[in-house]
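A.B. asks: turn this into a model:
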Amino acid sequence: MQEIISRTQKIPRVDRKMIPIAKPWIEEAEKEAVLEVLDSGMLTMGEWVERFEKEFANYIGVKHALTTTNGTQALILALEALGVKGKEVLVPSFTFISSATSIIRAGGKPVFVDVDSKTFNIDVEDARKKITDKTIAIMPVHLYGQPADMDAVLELAGEKGLYVIEDACQAHGAEWNGKKVGGLGDIAAFSFYPTKNMTTGEGGMVTTNNDELAEKIAMLRNHGQKERYLHIELGWNYRMTNIAAAIGLAQLKKLDKANEIRRKNAKFYDEELSIDGIEIPYVDARAKHVYHQYTLKVKDREDLIKAFKANGIGFGIYYPLGIHQQPIMQKLGFGNVKLPVTERLVNEVVSIPVHPLVIREDLELVAKVIKENV
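C.D. replies: The predicted structure is shown next:
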């Protein structure tokens, strides 16, 4: 066990190992898959993309999975396919900014909603209060890998006639009432950024059971083509490459294993960090949390952050501002709202390493540093 460096000591940088907050789990299978694609000479969208889409759809339990260039574009394609232009979409403010900027890019208006203080996910009762005659959809974000309360979301959507767009960019393999997220609403988006539970380097996926939406998205991502050189929609080039898809196929095969390691690491933290001064993640009994992040609530996190830095422990503040507080949202006129839970959480949350490559010694060091500095 490494000796813990106190808040006042300087960290000796020689031969110190940094424990990263995130690291992609890349093995020989991914490397061999990429070389196979390179040897084939078929680098752009083709056989590997088709296989990846089919296997991902089967994994989630949906009819359609459509690859794209990144998670943000997956959200944009989903929103454009639903026709949100000129309409309002309910979205939590406590999440990454692309949940909202994708709405703007698709021509809609984000209406910011507060979150539940325990799960960090959308407060459905606050969402109910903000529905107008222009509201077309609600976008629950399965933040940090824990599903939003989809029972409440789907009930509200059914009552008010709203589309449900799942932002599942942080929740690959997460489940709600035994069903995987990404197949619970009308349409969903996933990200394969390197820090996510599975990666393709960059990349995204849209999932849906709706044939018409799938057909439209397939055209929008590929120059609006229904068939080669027959352009039906105003589309663009948002295609995934075979190289990325090959990595995705290898990653998908070990996703459940990776998630179980994350859950095991989270259980260790749960047992070690149930102490005064911090709140460990709350998990809804109906949810299977896959811990994209293991996020604590700490009333005064500054001393803890200093200790993390001193001991070479990676950490993350996800997120230091609500989206409604971001300068661009203020400039665009979307930020004139008070969200008390979000505005408190941004000053309390801190995430610690939980990914599959964290070893037991690292977990023990992280826990010990926390216990001595809260």
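
A.B. asks: just the CA coordinates of stretch 275-292, formatted as CSV?
C.D. replies: Taking C-alpha atoms only, stretch 275-292 is exported to CSV below (Å, rounded to 0.1, in the frame of the first residue of the first chain):
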residue,chain,number,x,y,z
ILE,A,275,-19.1,7.3,6.6
ASP,A,276,-20.0,10.7,7.9
GLY,A,277,-19.2,13.6,5.6
ILE,A,278,-20.0,12.0,2.3
GLU,A,279,-23.0,10.4,0.5
ILE,A,280,-22.3,7.4,-1.6
PRO,A,281,-24.4,6.9,-4.8
TYR,A,282,-28.0,6.0,-4.2
VAL,A,283,-29.3,3.2,-6.4
ASP,A,284,-33.0,2.9,-7.2
ALA,A,285,-34.2,-0.7,-6.4
ARG,A,286,-35.7,-0.9,-9.9
ALA,A,287,-32.4,0.0,-11.6
LYS,A,288,-29.3,-1.9,-12.6
HIS,A,289,-26.6,0.8,-12.3
VAL,A,290,-23.5,0.3,-14.5
TYR,A,291,-21.3,3.0,-12.9
HIS,A,292,-20.0,5.0,-15.8
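
A.B. asks: now do that stretch: distance to the chain's middle.
C.D. replies: 16 Å (Cα atoms, centre = their mean, to the nearest Å).

A.B. asks: for that stretch, buried residues please.
C.D. replies: Using 16 or more other Cβ atoms under 10 Å as the test for burial, stretch 275-292 gives 278, 279, 280, 281, 283, 284, 287, 288, 289, 290, 291, 292. C-betas here are computed from N, CA, C, even on glycine.

A.B. asks: again with stretch 71-79
C.D. replies: The neighbour-count check on stretch 71-79 (16+ other Cβ under 10 Å) flags 71, 72, 73, 74, 75, 76, 77, 78, 79 as buried.

A.B. asks: same list (those residues) but as a markdown table, adding pLDDT, secondary structure and distance to residue 234.
C.D. replies: Below are those laid out as a markdown table (pLDDT from 0 to 100; DSSP: H, G, I helix; E, B strand; the rest coil; distance: Cβ to Cβ, whole Å):
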| residue | pLDDT | secondary structure | distance to residue 234 |
| --- | --- | --- | --- |
| 71 | 98 | helix | 22 |
| 72 | 98 | helix | 19 |
| 73 | 98 | helix | 15 |
| 74 | 98 | helix | 18 |
| 75 | 98 | helix | 18 |
| 76 | 98 | helix | 13 |
| 77 | 98 | helix | 13 |
| 78 | 98 | helix | 17 |
| 79 | 98 | helix | 15 |
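
A.B. asks: now the two most distant members of those residues.
C.D. replies: Across the buried residues of stretch 71-79, the longest distance by Cβ to Cβ is 12.8 Å; it joins 71 and 79.

A.B. asks: now the helix or strand of the chain with the lowest mean pLDDT: buried residues?
C.D. replies: Every helix and strand in the chain was compared by mean pLDDT, DSSP states H and E; the lowest is strand 225-227, with a mean of 92. Within strand 225-227, the residues that qualify as buried are residue 225, counting by 16+ other Cβ under 10 Å.

A.B. asks: partner strands of it, with direction?
C.D. replies: Partners of strand 225-227 in the sheet, by DSSP bridges, are strand 230-231 (antiparallel).

A.B. asks: quick check: buried residues in stretch 26-41?
C.D. replies: Buried, per 16+ other Cβ under 10 Å, within stretch 26-41: 30, 33, 34, 37.

A.B. asks: give me the secondary structure label for the spatially closest residue to the second one that is not a sequence neighbour.
C.D. replies: Going back to what we said before, that points to residue 33. Once flanking residues are discounted, residue 33 sits nearest to residue 246: 3.8 Å by Cβ to Cβ, 6 or more residues apart in numbering. Three-state call for residue 246 (DSSP: H, G, I helix; E, B strand; the rest coil): helix.

A.B. asks: so what's the residue count around residue 246?
C.D. replies: For residue 246, the neighbour count with other Cβ atoms under 10 Å is 27.

A.B. asks: tell me how far residue 318 lies from residue 261.
C.D. replies: 20 Å (Cβ to Cβ, to the nearest Å).

A.B. asks: residue contacts, residue 246?
C.D. replies: Shown in contact with residue 246 (Cβ atoms under 8 Å, 6 or more residues apart in numbering): 30, 33, 34, 36, 37, 48, 52.

A.B. asks: try 7 Å this time
C.D. replies: By Cβ atoms under 7 Å, 6 or more residues apart in numbering, the contact set of residue 246 is 33, 34, 36, 37, 48.

A.B. asks: picking up where we left off before, can you put the buried residues of stretch 71-79 in JSON lines and add distance to residue 135?
C.D. replies: As requested, these are arranged in JSON lines below (distance: Cβ to Cβ, whole Å):
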{"residue": "71", "distance to residue 135": "24"}
{"residue": "72", "distance to residue 135": "22"}
{"residue": "73", "distance to residue 135": "24"}
{"residue": "74", "distance to residue 135": "22"}
{"residue": "75", "distance to residue 135": "17"}
{"residue": "76", "distance to residue 135": "19"}
{"residue": "77", "distance to residue 135": "21"}
{"residue": "78", "distance to residue 135": "17"}
{"residue": "79", "distance to residue 135": "14"}
